[in-house]
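*Asks:* kindly generate the corresponding structure for this input.
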Amino acid sequence: MPAPLRILLILMFLLVGGCATLRPEPPEVSLVGLQVQELTLSHVNMLAELSLFNPNRIGLNIEQVDYALSLNGIRVSSGKSLAPVKVAAGESANVTLRLSGSYLKILQLLNTLQKGDELKYLLDGAIKVGGLGVLGRTFPLREEGMISAEVLRGVAKP
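*Replies:* Numbering: from 1, shown residues only. Reported below is the predicted structural model:
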């Protein structure tokens, strides 16, 4: 094989391999806090705090988080994050989401909340990561688990 062709093949492999390392992996999401901020006659306002861990060798610019929160299978809130956040390579950053939902839907959970039982939560949506070309991507968001009623009443943290 002639030397110029061999060099061209090596450069192509490096370019393809380099692009593959530039495609970021999705951030790992954990719900670290959920608390009721305000109850009105028509709505409940909550704050959800997410921890986003960046498993990549490059920093991520989280442009937006779209989300929906369900408690015990009842969708209580949905919305979008308000501010972008940067997550350094191998680091974590917290994102606070303001959740507002119908008080009627929370009333459906009132019996569970009064008993102090745990509720199953599901936070789903999408995480939009900014960047040029292959760096700009949208990843699915899905975090589920159990949360105590005391946390929702503002008594404790998860």
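*Asks:* just for this protein, where's the confidence low?
*Replies:* Along the chain, segments meeting pLDDT under 70 span 1-22, 111-113, 131-135, 150-158.
*Asks:* again, only using 90
*Replies:* By pLDDT under 90, the weakly predicted segments of the chain are 1-26, 29-50, 58-59, 67-83, 95-121, 123, 130-137, 141, 143, 145-158.
*Asks:* what ranges do the strands span in it?
*Replies:* Ranges of strands within the chain are 28-39, 43-53, 60-71, 74-80, 85-87, 92-102, 118-130, 137-148, based on DSSP state E.
*Asks:* just the ones you listed: most buried one?
*Replies:* strand 60-71 (a mean of 20; mean count of other C-beta atoms under 10 Å). All C-beta spots, glycine's among them, are computed from the backbone N, C-alpha and C.
*Asks:* alpha carbons only: can I get it in PDB?
*Replies:* The C-alpha coordinates for strand 60-71 follow below in PDB (Å, rounded to 0.1, in the frame of the first residue of the first chain):
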ATOM      1  CA  LEU A  60     -21.700  19.500  29.300                       C
ATOM      2  CA  ASN A  61     -23.800  22.600  28.900                       C
ATOM      3  CA  ILE A  62     -27.300  21.600  30.100                       C
ATOM      4  CA  GLU A  63     -29.500  24.100  28.200                       C
ATOM      5  CA  GLN A  64     -32.900  22.900  29.400                       C
ATOM      6  CA  VAL A  65     -34.600  20.100  31.300                       C
ATOM      7  CA  ASP A  66     -38.200  19.300  30.300                       C
ATOM      8  CA  TYR A  67     -40.000  17.200  33.000                       C
ATOM      9  CA  ALA A  68     -43.200  15.700  34.200                       C
ATOM     10  CA  LEU A  69     -43.700  14.500  37.800                       C
ATOM     11  CA  SER A  70     -46.000  11.700  38.700                       C
ATOM     12  CA  LEU A  71     -46.800  10.600  42.300                       C
END
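*Asks:* what does it rub up against?
*Replies:* With C-beta atoms under 8 Å, 6 or more residues apart in numbering as the test, strand 60-71 has contacts from 24, 27, 46, 48, 50, 52, 54, 75-81, 84-87, 93, 95, 97, 99, 101, 109, 119-131, 141, 147, 152.
*Asks:* perfect, I'm done here.
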